[in-house]
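> Here is my input; please provide its structure:
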Amino acid sequence: MATLDPDTLMGPLWTLLAFVGLGWLAARRLGIDPRPMATLLIYLIAPLTFFRGLVLGGPTPGYLLVTLGLFVTACLVALITSLVARRRLPAEESAVLAFSAGTGNTGYFGLPVALVLLPPSGVTLYLFGVLGMTLYEFTLGFYLSARGRFSVRESLVKILRLPLIYAFLAALLVEALGTEVPEAVMEGLEVFPPTYTLLGMMIIGMTLGRISLRQFDWRFIGACVAIRYLWWPLLALGAVLGLQATLGISADLAMALLLIGVVPMAANVVVVAMELGIAPQKGALAVLITTLAAPLLIPLYLGWMLPLVSG
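Below is the predicted model of the structure:
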């Protein structure tokens with residue numbers, strides 16, 4: 001398996017933080033409202049980004065099994081967190097915590113690292129794992145978030161309006177029918193992945209630009225950090241060791257799963273919270289803290305886990 005030099009993370013980290021800084025300046029100096037950008041991300045940019053990725057990846061039963069496994073895992077973690085959080089936190093904060101518990105920054109942050117650590121076949125496995133978590137975000141995750149403010153019926157209606165679900169089905173239909181998407185269309189879709197990253201991180205900066213010291217909630221932030229940097233690494237390590245003992249998974253898949261387990265909190269926590277109007281400021285602060293900690297913690301975790309799964 002590949003090893004990770006801490007310097008490998010500095011390029012992606014500073015790029016992402018620069019995008020956050022641009023968002024902060026846009027909110028502070030230009031008074032730009034991030035809510036329309038969050039809506040644009042959810043309803044247009046994210047679906048087109050993942051439709052393109054699925055079509056290029058060529059979904060196979062093996063890849064889709066990775067997607068299903070990550071989707072089910074994310075849903076279970078989120079449901080358990082929701083049951084616990086609702087007893088200890090206000091409704092909106094517990095909804096944000098439950099949503100964040102099932103996902104991580106596997107795209108904006110994790111993908112550049114995966115491109116360094118993994119060969120092309122491993123990157124493909126990683127992307128289909130990311131797809132599982134993304135499907136969670138825009139299905140059960142969105143529902144749990146919406147329940148912090150809306151009724152069951154209203155939450156379900158909001159899910160049915162999400163185009164990412166239909167983009168996923170459309171990509172599967174294209175693959176099943178053996179249809180070739182015109183090259184001109186695929187070239188046109190190339191602009192969406194970098195736009196997805198840029199706007200997603202800028203929204204965090206815009207939200208941070210509106211935070212006051214009174215909104216610092218260390219109990220909430222501590223819970224977010226504990227789930228992302230304590231529970232998920234242990235879960236990923238246990239899953240890899242279990243799969244190696246039973247199915248004999250490849251080194252590339254093992255590394256992809258470990259990386260998914262150690263990335264920081266998902267920027268989409270803020271995007272979804274902004275769209276639904278549920279505590280986006282607290283979510284943005286927690287995302288920023290876990291992102292700043294990533295260059296230290298990811299090499300530490302992988303340096304500890306890789307010998308265990310390679311032995």
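> Please enumerate the helices of the stretch 1-150 of the chain.
Listed in chain order, the helices found in the stretch 1-150 of the chain under DSSP state H, counting those that start in this stretch are 10-29, 35-40, 46-57, 61-85, 91-101, 110-117, 120-137, 140-146.
> repeat for the stretch 201-311 of the chain
If DSSP H, counting those that start in this stretch is used as the criterion, the helices of the stretch 201-311 of the chain fall at 218-226, 232-246, 251-262, 268-276, 280-310.
> winner for burial among these?
Per-residue neighbour counts averaged over each of these give the maximum for helix 268-276, namely a mean of 28 (mean count of other CB atoms under 10 Å). The way it works is simple: take the backbone N, C-alpha and C, and place the C-beta from them, glycine included.
> what comes into contact with that helix?
Counting by CB atoms under 8 Å, 6 or more residues apart in numbering, helix 268-276 makes contact with 34-35, 38-39, 41-42, 96, 99-100, 103, 137, 141-142, 145-146, 148-150, 158, 200, 203-204, 207, 279-280, 283-284, 286-287, all of which sit outside it.
> Quick check: nearest residue in space to Y196, chain neighbours excluded?
Beyond its immediate neighbours in the sequence, the residue positioned closest to Y196 (CB to CB, 6 or more residues apart in numbering) is T49, lying 4.7 Å away.
> confidence score at that neighbour?
Per-residue confidence at T49 stands at 85 (pLDDT).
> Does it touch E190 like I think?
No - under the criterion of CB atoms under 8 Å, T49 lies out of contact with E190, with a separation of 10.1 Å.
> Is it correct that R86 is in contact with E93?
No - at 9.9 Å, R86 and E93 do not qualify as touching, with contact defined as CB under 8 Å.
> Between these two, which is the more surrounded one?
When R86 and E93 are compared for neighbours, E93 comes out ahead with 21 against 17, by other CB atoms under 10 Å.
> returning to that earlier point: how close does the residue nearest to Y196 get to T197?
Counting by CB to CB, to the nearest Å, the separation of T49 from T197 is 9 Å.
> Tell me the spacing between I204 and A114.
Look at I204 and A114: by CB to CB, they are 21 Å apart.
> swap that for E180, sorry
Using CB to CB, one obtains 27 Å as the distance from E180 to A114.
> In terms of neighbours, single out the busier of those two.
Comparing E180 with A114 by other CB under 10 Å, the one with more neighbours is A114, at 24 against 10.
> For the nearest residue to that one once chain neighbours are set aside, which residues are in contact?
In space, not counting the residues next to it along the chain, A114 is nearest to Y126; the distance is 4.5 Å by CB to CB, 6+ apart. By CB under 8 Å, 6+ apart, the residues touching Y126 are 106, 110-111, 114, 118, 256, 259-260.
> farthest pair in those residues?
The two members of the contacts of Y126 with the most space between them (CB to CB) are T106 and L118, at 12.9 Å.
> who's more crowded, those two?
More neighbours sit around T106 than around the other of T106 and L118, counting by other CB under 10 Å; the figures are 27 against 21.
> what stretches of the chain score poorly on pLDDT?
Per-residue confidence for the chain (pLDDT under 70) gives these ranges: 1-9, 148-150, 211-216, 275, 278-279, 311.
> Now tabulate the helices of the stretch 1-150 of the chain in CSV and tack on distance to V269.
Below are the helices of the stretch 1-150 of the chain laid out as CSV (distance: least, CB to CB, whole Å):
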stretch, distance to V269
helix 10-29, 14
helix 35-40, 11
helix 46-57, 14
helix 61-85, 12
helix 91-101, 5
helix 110-117, 15
helix 120-137, 9
helix 140-146, 9
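> Any idea which of those helices gets closest to A170?
If you check each of the helices of the stretch 1-150 of the chain against A170 by CB to CB, helix 46-57 wins as the nearest, at 6.3 Å.
> Please name every helix or strand in contact with that closest one.
Using 3 or more CB pairs under 8 Å, 6 or more residues apart in numbering; DSSP states H and E as the contact criterion, the secondary-structure elements in contact with helix 46-57 are helix 120-137, helix 163-177, helix 183-189, helix 192-208.
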